[in-house]
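Engineer: only geometry, no sequence info:
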């Protein structure tokens, strides 16, 4: 992530690349990305057939997070929450929040449903 290559910068501005702001060059651990998008409905069929449980549906354990207080060991996921106005981009907590009970089945938390989003494609 990031770039130190001048030809990749936008208007010669350090740390700003053609595809958006980036910080100093840094590396991230390897990760897998599926080659095929699928709909939520297709993912639901997979889950039904295999019994797969996503990380967001699993309750974190004290062994995994020894410093976490017990009240934070709750299954859930981060949820994107757009701001009403433009905000500084230095604090992602302004638009991401942890929502207990949120998962692919309940995208906004337990009060939400997947029904309106069954045919939305995403990578899983």
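Structural biologist: Structure received. On a predicted model such as this, the values are computed, not experimentally measured, just so you know.
Engineer: check which helix or strand covers the residue nearest the centre of the chain.
Structural biologist: Residue closest to the average C-alpha location in the chain (Cα atoms, centre = their mean): residue 78, at 6.5 Å. Secondary structure assignment for residue 78, by DSSP states H and E: strand 76-80.
Engineer: what comes up buried for that strand?
Structural biologist: By neighbour count with 16 or more other Cβ atoms under 10 Å, strand 76-80 contains the buried residues 76, 77, 79. Glycine gets a C-beta too; all of them are placed from N, C-alpha and C.
Engineer: Pick the one among the residues you listed closest to residue 60.
Structural biologist: When these are compared for distance to residue 60 (Cβ to Cβ), residue 76 wins out at 9.2 Å.
Engineer: The closest one and residue 97 touch, don't they?
Structural biologist: No. At 10.0 Å, residue 76 does not count as touching residue 97 under the criterion of Cβ atoms under 8 Å.
Engineer: Need the pLDDT of the closest residue to residue 108 other than its chain neighbours.
Structural biologist: Excluding its sequence neighbours, the residue lying closest to residue 108 (Cβ to Cβ, 6 or more residues apart in numbering) is residue 79, at 6.0 Å. What the model reports for residue 79 is a pLDDT of 91.
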